[in-house]
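In: Predicted structure and sequence below. I'll ask about it afterward.
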2 protein chains.
Amino acid sequence: MRHLEGELGELRRLLLEMSGLVEAGVYHSVQAVVAQDAAQAAQVLSNEVRINRMELEIDAMATRLLALEAPVAADLRLITAAMKINTDLERMGDLAVNIAERALSLMKRKLVRPAIDIPHMASLTENMVRTALDAFVKADVELARVVLVSDDAVDQVRDTINDELIRHMENDPTTIRQCVDLLLVARVLERIADHATNIAEDVVFVIEGVDVRHPAARAANF
Amino acid sequence: MRHLEGELGELRRLLLEMSGLVEAGVYHSVQAVVAQDAAQAAQVLSNEVRINRMELEIDAMATRLLALEAPVAADLRLITAAMKINTDLERMGDLAVNIAERALSLMKRKLVRPAIDIPHMASLTENMVRTALDAFVKADVELARVVLVSDDAVDQVRDTINDELIRHMENDPTTIRQCVDLLLVARVLERIADHATNIAEDVVFVIEGVDVRHPAARAANF
């Protein structure tokens, strides 16, 4: 086995480990919202430093490989994609912290009913994150495409949650603060799903060398 | 002049051009909200394809430089930072589209008063974007640090807007839909400011070779 192959395996392993931490963060932050459980919110906050440390470690490793191995073609695409995926994962970690903080704010008030759609949206989102990283590690372009089509489902659930919460506020203006918090939690989940989509696009690029971002821009004579 | 130096100058020039498009997008999208001007919203939507095309162009150029020039040290840091900045700029462009779409939705209803703080938040944010790119192009670490401290000011304005809008909804529940739209515009501006902060962090890294992300994570024995 080439030396570089071993290093690339290690890079994949680190990203998978980081993605496990991020997925757990999303799960626990949403549980903190739904179960009004401060302990789970605290767990997310304390995990952030581990995720941040992994981001620095992965970035340093990728930069070192670029400098020392001067990779080309598929290896180069893999390493630059790893750097991008790393950034996406770290931002997802930040977003889980964001949800955990909102969970703590929501605990001060009675929970409103529409929270029940949030776990559904969260489980769709966690699935996208897991599948995107699976696609990366297994270099499975079909899995990556599953993520790309899932994004619409998440956007639909977000619209449903939005409409429900607005109606809820209109019917009972005393719940406006809680509803705004839940509305923002749904937005944050949407952003996490967007990051999963970005990762899936990078995976397609690594495997096929084809950039699936912005089909319109490329069709426009690029 | 080395060949690579000329190429790096061109990479910087492309990023600056892209950042100009993104700044204009943020400006026009917010104008579309405040002046309820559909033409400005349409302009933002039609500019998206140009921004997306530039993202692909810059990414292809950076990848080519990595493959053909096998850069090391400061040159390598510059190119990997350019790839990250490119991603941030493209996402800012998407976010401007997001605001433009919300502007179109807001036009269906009477504008509520608290919109007046949105232009203030927008101008702080546009400034951060401009300064971050300036810092990158001039390799000016002091400018980058100006961006890093500006982020708190944006977060403060966001909190003020949030509180005002919630009070507005509580006082007049017939305006809930508009207020929710404005609240989301403020969140999007916050995300754009976050991207500007990411760019400034990358600039410090390029210049000093020092990673200013996550001081806590690095202090924790990394």
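Out: That came through, no problem. Residues are numbered from 1 along each chain as shown, chains lettered A, B, ... in the order given.
In: Low-confidence stretches in chain A?
Out: For chain A, the stretches with pLDDT under 70 are A:1, A:113-116, A:218-222.
In: The residue nearest in space to the middle of it: what's it in contact with?
Out: Residue closest to the average C-alpha location in chain A (CA atoms, centre = their mean): A:Ile192, at 3.8 Å. Counting by CB atoms under 8 Å, 6 or more residues apart in numbering or on different chains, A:Ile192 touches A:Val26, A:Met92, A:Leu95, A:Ala96, A:Thr125, A:Val129. The way it works is simple: take the backbone N, C-alpha and C, and place the C-beta from them, glycine included.
In: Repeat that for A:Leu106.
Out: Contacts of A:Leu106 by CB under 8 Å, 6+ apart are A:Val33, A:Gln36, A:Gln178, A:Asp181, A:Leu182.
In: Among the contacts of A:Ile192, which ones are in helices?
Out: A:Val26, A:Met92, A:Leu95, A:Ala96, A:Thr125, A:Val129 (DSSP state H).
In: which of those residues tops the neighbour count?
Out: A:Thr125 (31 neighbours; other CB atoms under 10 Å in any protein chain shown).
In: Now do the one helix or strand A:Thr63 maps to against helix B:38-69: the angle between them, please.
Out: A:Thr63 is part of helix A:38-69 when elements are defined by DSSP states H and E. Counting by axes from the mean of the first three to the mean of the last three CA atoms, to 10 degrees, helix A:38-69 lies at 50 degrees to helix B:38-69.
In: Which elements pack onto helix A:38-69?
Out: helix A:3-34, helix A:73-106, helix B:73-106, helix B:215-219 (3 or more CB pairs under 8 Å, 6 or more residues apart in numbering or on different chains; DSSP states H and E).
In: got the angle for the second one vs helix A:3-34?
Out: Going back to what we said before, that points to helix A:73-106. Relative orientation of helix A:73-106 versus helix A:3-34 (the same axes, to 10 degrees): 20 degrees.
In: list the buried ones in helix A:73-106?
Out: Neighbour-count burial for helix A:73-106 flags A:75-103, A:106 (criterion: 16 or more other CB atoms under 10 Å in any protein chain shown).
In: Leaving aside the residues adjacent along the chain, what's closest to A:Ala200?
Out: Leaving aside its sequence neighbours, A:Ala200 sits nearest to A:Val147 (CB to CB, 6 or more residues apart in numbering or on different chains; 3.7 Å).
In: quick one: contacts for that neighbour?
Out: By CB under 8 Å, 6+ apart, the contact set of A:Val147 is A:Met128, A:Thr131, A:Ala132, A:Ala135, A:Ala196, A:Thr197, A:Ile199, A:Ala200.
In: which of those residues count as buried?
Out: Buried members of the contacts of A:Val147, scored by 16+ other CB under 10 Å, are A:Met128, A:Thr131, A:Ala132, A:Ala135, A:Ala196, A:Thr197, A:Ile199, A:Ala200.
In: can you pull the contacts of the second one?
Out: Neighbouring residues of A:Thr131 by CB under 8 Å, 6+ apart: A:Leu143, A:Val146, A:Val147, A:Ser150, A:Ala196, A:Ala200.
In: What sits closest to the fifth one if chain neighbours are left out?
Out: Counting by CB to CB, 6+ apart, A:Ala196 lies nearest to A:Met128, which is 3.8 Å off, once chain neighbours are set aside.
In: does the one you found really touch A:Val154, like I thought?
Out: Yes. If you go by CB atoms under 8 Å, A:Met128 and A:Val154 touch, sitting 7.1 Å apart.
In: what's the overlap in contacts for the two?
Out: A:Ala193.
In: coming back round to it: flag every buried residue along the helix holding A:Thr63.
Out: Neighbour counts using 16+ other CB under 10 Å place A:40-41, A:43-45, A:47-56, A:58-59, A:61-63, A:65-66, A:69 of helix A:38-69 among the buried residues.
In: Understood, closing this out.
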